[in-house]
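Undergrad: how does the following fold in three dimensions:
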Amino acid sequence: MYLMEHDGEGERMEKRDLDEAARHLTLAGIRAGDRVLDAGCASGLLSRMIARMAAPGAVFGIDASADRIAMAARRAREENIRNLAFQQADIYRLPFAGGVFDVAFSRYTFEYLTNPEAALQEMKRVVRPGGRVVVADLDGNGLFHYPIPA
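TA: Coordinates of the predicted model:
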């Protein structure tokens with residue numbers, strides 16, 4: 001599991017690729033009024049972007065790292081974003097009832113998961129019938145990590 005343990009990692013991720021992030025969110029079809037889960041939210045950059053797109057809908061960001069959740073919550077408060085909440089949680093056991101989200105979104109998280117299929121099933125569980133589960137990840141990035149997972 002990847003927890004972004006370096007203190008500067010959240011800052012680096014925030015500055016990395018805003019244009020591509022916006023494109024991913026547009027392709028995910030997030031609309032005003034949607035209730036959205038950002039699974040693996042890290043510093044909350046995408047959660048904040050989603051909250052603006054989905055307003056007046058509600059956005060929930062989860063991450064395994066307590067430090068990233070604290071950073072995400074602080075940034076949302078600083079930007080006065082009120083339709084956004086964060087919680088430290090396990091992507092394999094999401095703390096939400098079934099069918100409560102219109103969209104479950106995850107970006108650059110699945111490449112670090114030991115069981116991405118289970119995480120996908122859990123995201124699917126919390127999305128309403130007819131909703132969307134969207135995963136954006138790096139293609140081929142595993143070539144730079146050893147050992148390469150099966």
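Undergrad: can you show me the helices along the protein?
TA: 9-16, 18-27, 45-54, 66-78, 116-125 (DSSP state H).
Undergrad: just put these in TSV and tack on distance to residue 92, mean neighbour count and mean pLDDT.
TA: The way it works is simple: take the backbone N, C-alpha and C, and place the C-beta from them, glycine included. Output for those, formatted as TSV (distance: least, C-beta to C-beta, whole Å; neighbours: other C-beta atoms under 10 Å; pLDDT from 0 to 100):
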stretch	distance to residue 92	mean neighbour count	mean pLDDT
helix 9-16	22	14	60
helix 18-27	23	14	82
helix 45-54	20	23	96
helix 66-78	17	18	96
helix 116-125	5	16	97
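Undergrad: how about the contacts made by the residue found closest to residue 55 once you drop the neighbours it is linked to in the chain?
TA: Closest residue in space to residue 55, ignoring its immediate chain neighbours: residue 83 at 5.5 Å, by C-beta to C-beta, 6 or more residues apart in numbering. Neighbouring residues of residue 83 by C-beta atoms under 8 Å, 6 or more residues apart in numbering: 51, 54, 55, 56, 57, 58, 59.
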